[in-house]
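In: here is my input; please provide its structure:
(chains A, B, C and D)
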Protein chains: 2
Amino acid sequence: MTKAIRLKDVAEAAGVSQGTASNVFNRPELVREEVREKVREAARALGYGGPSPQGRLLRTGKVNAIGFAADQPLPYLFSDPWARRLLTEVADVCDARGAGLALVSVTEEHPTGWTIESALVDGFLLSGGGRQFLVEMTQRRGLPFVSLSLDAYDSEVPAICVDDFGGAYAAAQHLLELGHRRFAVLGFALGEGPGRVTPDEVRAARSMNVRKRARGYWAALAEAGLPETAVPVHAISRDGANIGEALALLFADREAAPTGLLAMSDRIALAAIAWLTGQGLRVPQDVSIIGFDGVLEAARSPLPLTSMEQPFREIAERAVAAILDDAMPRGQELLPLQLVVRGSTGPAPV
Amino acid sequence: MTKAIRLKDVAEAAGVSQGTASNVFNRPELVREEVREKVREAARALGYGGPSPQGRLLRTGKVNAIGFAADQPLPYLFSDPWARRLLTEVADVCDARGAGLALVSVTEEHPTGWTIESALVDGFLLSGGGRQFLVEMTQRRGLPFVSLSLDAYDSEVPAICVDDFGGAYAAAQHLLELGHRRFAVLGFALGEGPGRVTPDEVRAARSMNVRKRARGYWAALAEAGLPETAVPVHAISRDGANIGEALALLFADREAAPTGLLAMSDRIALAAIAWLTGQGLRVPQDVSIIGFDGVLEAARSPLPLTSMEQPFREIAERAVAAILDDAMPRGQELLPLQLVVRGSTGPAPV
DNA sequence: CCTGCCGCTTGAACCGATTCAAAAAAGATC
DNA sequence: GATCTTTTTTGAATCGGTTCAAGCGGCAGG
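Out: Numbers count the residues shown, from 1 in each chain, chains lettered A, B, ... in the order given. Model (predicted):
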């Protein structure tokens, strides 16, 4: 690796112009067989491994890769089931179309190095909240981007998301049809520690996704004659670690305890099941619980979880196409969720 | 996004040379404050988001990113616990040093699109076997690379690996110290379907890692007076799906069945535990089992797994440094594993 | 007033390819 | 053999920056 061989060197060695040499590698049909072989021969002799991507890049402008950006340290992408599932599908889609995938983490602390500003990609997928500064940075870069979840409401930001309202509505509907009348909502991203939050606090939540899910639950329950105030919403941490405190409160009075639990994520639902069964409560005989997301772990769990499943594949395909095929969504594009009934929901106890 | 703004445009607008404008962004201390501000002002007015990475790249040659290449479809990187753990650590290390990480899949079928030949990176980490064509492709590209596992023996290929022999030796040693005398080895990548394989077949295995682990087990057991022939080696699929068939054979005669199981991966060990407990056998009272890798799932499992833990973090750090700091290992660099005793191993039944 | 030095700017070369209009070569037709 | 096509090949422009030797103006010292 003393000095790099350039296309020019190969062209000279083969006695042709650089343009012809370039064609040999990119549009061989334009070059006479004889010449083509001569150039290939020269390339082989010189140990030339084909045109360097950086050169091509500069000229064509297309990197053929997309950046997956999160406002979290990168390991988060591998530990959170939702993010992981989405990333898996995006990776698969990229792979299938021969596009590259680069991981980018953007935390406010170290805005240096390989970030949104310097990543060599054609556009970005923004996961983990369209957090303001993430969106701003991306806009500054001037590359196309699609947000995969919503933070502060901003219909200007192109996004591909699930229909949170409709999904939540369907989830509540499912439990209502099973005869449940006493509910509780387990939500995340609702501010500080565990505890019950008021409807107004929910409506003030930063996460658009969370707000819409709450509205969906409420809408379905209201139609059944249950007002917001009759449905306690509890704030759970994203990983469901503090689920016990919330549930202990809810199930202190077993008579008045909810029989239908509406969890805003599968991770929380699974944590809830673990706690409930640990307390001797039976799921779904005593308590039904429905999750949200439809992550892999939900299906694999010892007690398979009923959940509103996101169309991960479709999201990934639409998002990648938006960037690579310049098929940007106009505003927000909502995809429907699908109710998947498994073992965690059943008829309300009599 | 009618037309992109170039550094040149900014320079012109600010009335300075392009070189000065470049310095404003890269080495501001060289430019007089007054001029610096003027250029920044012009940039802001024009909506210039800073020098484009592709331009810089061409000149400097450094992408500041590494490619993680696997000879499997990309989703494999997220589903296999070992790959995932390694990738997580690599991602974290890259993140910490502000380097980018790109995922590359190379399967023989579609060698087109974003592959080793076209990825914009400074070098590659090869996971999932230094499978011949993977190594060859990478060498052709002419970028530095480090293999993270070994396939056909080739001491010329730079690699950063764990000390398979020593680790396996220690694993067997651990069970011997607990008094076990009847063993079986559960290995992977040992050819077709399930079933017992002969020592010679093991020695002919393509995977260097597997061969070394087997030799490590044998060495320790031989010192205790147990010849190779007394230790059946069974071929299990990588995901442990067919573990039942192998164990059914081994435990057909309960009297002669092994009390110590040496699994070449945690994934296999966990599958084995699931099968054994399903059959009413108690771990570790009836059967002790020790895994290999030390993946996250091993610690989290209902019955935490005793395992030989790989220094994932260290591997990641060394590997990334090798590429980015040009600190290539000379030949193969072996890192020690650490015995972590958890709940799956105990004294041999009397 | 001249000289030497210092700090900031400039201008041009260069990085490694792709692209395309135009020239050259080859082939076809009369 | 002359003319018209068609196929190949060439040469130069271009992509968007970085780098560095050389130039410039101002100031201190003699």
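In: for the stretch 51-200 of chain A, what lies in contact range of DNA strand C?
Out: A:51-52, A:54-56, A:58-60 (CB under 7 Å from any atom of the strand). Using the backbone N, CA and C atoms, a C-beta is placed for each residue, glycine as well.
In: at 10 Å what do you get?
Out: Taking CB under 10 Å from any atom of the strand as the criterion, the stretch 51-200 of chain A approaches DNA strand C at residues A:51-62.
In: need the residues you listed in JSON lines (columns: pLDDT and distance to residue A:224).
Out: Listed next are these as JSON lines, based on pLDDT from 0 to 100; distance: CB to CB, whole Å:
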{"residue": "A:51", "pLDDT": "91", "distance to residue A:224": "65"}
{"residue": "A:52", "pLDDT": "90", "distance to residue A:224": "65"}
{"residue": "A:53", "pLDDT": "89", "distance to residue A:224": "59"}
{"residue": "A:54", "pLDDT": "88", "distance to residue A:224": "61"}
{"residue": "A:55", "pLDDT": "88", "distance to residue A:224": "65"}
{"residue": "A:56", "pLDDT": "89", "distance to residue A:224": "61"}
{"residue": "A:57", "pLDDT": "89", "distance to residue A:224": "58"}
{"residue": "A:58", "pLDDT": "85", "distance to residue A:224": "62"}
{"residue": "A:59", "pLDDT": "85", "distance to residue A:224": "62"}
{"residue": "A:60", "pLDDT": "84", "distance to residue A:224": "58"}
{"residue": "A:61", "pLDDT": "83", "distance to residue A:224": "56"}
{"residue": "A:62", "pLDDT": "85", "distance to residue A:224": "53"}
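In: residues in contact with the residue of chain A found nearest DNA strand D?
Out: In chain A, the residue that lies nearest DNA strand D is residue A:19 (2.6 Å; CB to the nearest atom of the strand). By CB atoms under 8 Å, 6 or more residues apart in numbering or on different chains, residue A:19 lies in contact with nothing.
In: find the helix or strand that it is a member of.
Out: Here residue A:19, judged by DSSP states H and E, is contained in helix A:18-26.
In: ok, then the element right after that helix?
Out: The helix or strand immediately downstream of helix A:18-26 is helix A:33-46, counting by DSSP H and E.
In: helices or strands next to that following helix in the packing?
Out: Helices and strands touching helix A:33-46, by 3 or more CB pairs under 8 Å, 6 or more residues apart in numbering or on different chains; DSSP states H and E, are helix A:7-14, helix A:18-26.
In: let me have these in a markdown table, extended by distance to residue B:32 and mean pLDDT.
Out: Shown next, in a markdown table, are those (distance: least, CB to CB, whole Å; pLDDT from 0 to 100):
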| stretch | distance to residue B:32 | mean pLDDT |
| --- | --- | --- |
| helix A:7-14 | 39 | 91 |
| helix A:18-26 | 41 | 93 |
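In: still on that earlier bit, the residue of chain A closest to DNA strand D and DNA strand C: what is the separation?
Out: 3 Å (CB to the nearest atom of the strand, to the nearest Å).
In: so what are the domain limits for chain A?
Out: Here the domain parsing of chain A from automatic domain parsing is A:7-60, A:65-162, A:164-311+A:336-340.
In: mean pLDDT for the ones you listed: which is lowest?
Out: In terms of average pLDDT, domain A:65-162 trails the rest of the domains of chain A, at a mean of 86.
In: quick one: that one to chain centroid distance?
Out: Centroid separation between domain A:65-162 and its chain, computed with CA atoms, centre = their mean, to the nearest Å, is 9 Å.
In: what's the first-to-last distance across that domain?
Out: Start-to-end span of domain A:65-162 (CA to CA, to the nearest Å) is 24 Å.
In: do stretch A:289-299 as well
Out: Stretch A:289-299 end-to-end distance (CA to CA) = 14 Å.
In: for it, buried residues please.
Out: A:289-298 (16 or more other CB atoms under 10 Å in any protein chain shown).
In: from those residues, which land in strands?
Out: When DSSP state E is applied, those are split such that A:289-293 fall in strands.
In: can you put those residues in CSV and add distance to DNA strand C?
Out: Shown next, in CSV, are these (distance: CB to the nearest atom of the strand, whole Å):
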residue, distance to DNA strand C
A:289, 55
A:290, 52
A:291, 48
A:292, 45
A:293, 42
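In: redo those as CSV? Include distance to residue B:15.
Out: Formatted as CSV, those follow (distance: CB to CB, whole Å):
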residue, distance to residue B:15
A:289, 67
A:290, 65
A:291, 61
A:292, 57
A:293, 55
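In: and which of those residues is nearest chain B?
Out: residue A:293 (15.9 Å; CB to the nearest CB).
In: how about the closest one: what's its closest non-neighbour residue?
Out: residue A:266 (4.5 Å; CB to CB, 6 or more residues apart in numbering or on different chains).
In: would you map the strands across the stretch 151-300 of chain A?
Out: A:159-162, A:183-187, A:195-197, A:233-235, A:260-263, A:288-293 (DSSP state E, counting those that start in this stretch).
In: so what does the second one touch, helix or strand wise?
Out: Meaning strand A:183-187. helix A:208-223, strand A:233-235, helix A:243-250, strand A:260-263, helix A:266-278.
In: tell me the gap between the first one and the middle of its chain.
Out: Relative to its parent chain, helix A:208-223 has a centroid offset of 21 Å by CA atoms, centre = their mean.
In: so which residues make contact with that helix?
Out: Residues from elsewhere that reach helix A:208-223 (CB under 8 Å, 6+ apart): A:149-153, A:161, A:164-173, A:176, A:183, A:185, A:187-190, A:199, A:202-203, A:205, A:228, A:230-231, A:233, A:262, A:264, A:292.
In: so what's the residue nearest to residue A:293 up against?
Out: So residue A:266 contacts A:81-82, A:291-295, A:297-298, A:305, A:307 (CB under 8 Å, 6+ apart).
In: between these, which is nearest chain B?
Out: Distance to chain B, by CB to the nearest CB, is smallest for residue A:81 among those, at 10.7 Å.
In: residues in the stretch 1-150 of chain A within reach of DNA strand D, list them.
Out: Applying CB under 10 Å from any atom of the strand, we find that the stretch 1-150 of chain A lies next to DNA strand D at A:8, A:11, A:14-24, A:27-36, A:38-39, A:54-61, A:142.
In: could you redo the last one with a cut-off of 6 Å?
Out: Taking CB under 6 Å from any atom of the strand as the contact definition, the stretch 1-150 of chain A meets DNA strand D at A:16-20, A:30-32, A:35, A:58-59.
In: what two of those residues are the furthest from one another?
Out: A:32 and A:58 (28.4 Å; CB to CB).
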